[in-house]
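Novice: return atomic coordinates for the entry below.
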Amino acid sequence: MLLLLLLLLLVLLLQQQQQQSDTTTATVPAVAATALSAAAATALSAAAAAALSAAAAATLSAAAAALSTAAAALSAAAAAALSAGAAALSAAAAALLAAAAAHYQQQQQQQQHNQQQQHHHHPPHHHRHHQEHTAQSAAATTTTTATTNNNKQQQQQQQQQQQQQQQQQQQQQQQQQQEDEVEVYQVFAIFV
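Specialist: Numbers count the residues shown, from 1 in each chain. The predicted structure is shown next:
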């Protein structure tokens, strides 16, 4: 009986050991698989994060380069437009000044020409008065004296009228010159 009991105990112990060994051998691969799965997931997550970070950095760099190029192009275009506008305004101002100066010179020449014509084409009043004086001198000495005085008065009046005309012309020239200068200054002030 004792031998049988001992044999049964040995069998039970062997079965327990075998079960424990089976459980251990079955648990080790599961733990290893879980560890490998976790490591693989971590590695994949790190690789994905690195790839996303690199892609984002490349995208941001490309966008910054594109923006910089566009800004440089816009700046160059704006500078060219401003330069062209300034050149056009300067040319227009120079043309207006030249036209105003030419107009002023033409008016001065025309006024001088008119003055010369008026100076050389006065009617010969003194010759007519001299004939009247000769015709009347045959009638009476008093008439001759009166006619002579008349002629002198008329000549004085003509001289006064000529002087007044010259003064008026000079005043008109001065006024015109002042107006022309004001116009030129106004045109120049607009474009400066």
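Novice: would you map the helices across the protein?
Specialist: Along the chain, the segments classed as helices by DSSP state H run 2-120, 125-137, 141-191.
Novice: ranking the ones you listed by mean pLDDT, which is last?
Specialist: Among those, helix 125-137 carries the lowest mean pLDDT, at a mean of 53.
Novice: is it correct that Asp180 is in contact with Tyr104?
Specialist: Yes - counting by CB atoms under 8 Å, Asp180 does reach Tyr104; the two are 4.4 Å apart. C-beta coordinates here come from the backbone N, C-alpha and C atoms, glycine included.
Novice: what's the local residue count around Ala70?
Specialist: By other CB atoms under 10 Å, the residues close to Ala70 number 10.
Novice: repeat for Ala62
Specialist: 10.
Novice: contacting residues around it?
Specialist: Not one residue lies near Ala62 by CB atoms under 8 Å, 6 or more residues apart in numbering.
Novice: how close does it get to Ala49?
Specialist: Ala62 sits 21 Å away from Ala49, going by CB to CB, to the nearest Å.
Novice: what does Ala57 give?
Specialist: Ala57 is 12 Å from Ala49, by CB to CB.
Novice: one more: Thr69?
Specialist: 31 Å.
Novice: before we move on, what about Gln161?
Specialist: Taken as CB to CB, the span from Gln161 to Ala49 is 109 Å.
Novice: how about Gln107?
Specialist: Distance from Gln107 to Ala49, by CB to CB: 86 Å.
Novice: cool, and Asp180?
Specialist: Distance, Asp180 to Ala49, using CB to CB: 81 Å.
Novice: who has more neighbours, these two?
Specialist: A direct count of neighbours by other CB under 10 Å for Asp180 and Ala49 places Asp180 higher, at 17 against 10.
Novice: residue contacts, that one?
Specialist: Ala100, His103, Tyr104, Gln107.
Novice: next one: Ala71
Specialist: So Ala71 contacts nothing (CB under 8 Å, 6+ apart).
Novice: use 275 as the first number for this chain going forward.
Specialist: Let's use 275 as the start, then, which means that last one is Ala345.
Novice: neighbours around Gln384, how many?
Specialist: A total of 10 residues lie near Gln384 under the criterion other CB under 10 Å.
Novice: try Gln448
Specialist: 10.
Novice: ok, Gln392 - contacts?
Specialist: Going by CB under 8 Å, 6+ apart, Gln392 touches Gln439.
Novice: give me the contact list for stretch 437-449.
Specialist: So stretch 437-449 is contacted by Gln382, Gln385, Gln389, Gln392 (CB under 8 Å, 6+ apart).
Novice: switch the cut-off to 10 Å
Specialist: Gln381, Gln382, Gln385, Gln386, Asn388, Gln389, Gln392, His393 (CB atoms under 10 Å, 6 or more residues apart in numbering).
Novice: are any of those residues buried, and which?
Specialist: Among those, those classed as buried by 16 or more other CB atoms under 10 Å are Gln385.
Novice: how about the contacts of stretch 437-449 in TSV, adding distance to Gln442?
Specialist: TSV is the format used below for the contacts of stretch 437-449 (distance: CB to CB, whole Å):
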residue	distance to Gln442
Gln381	16
Gln382	17
Gln385	12
Gln386	15
Asn388	12
Gln389	11
Gln392	11
His393	14
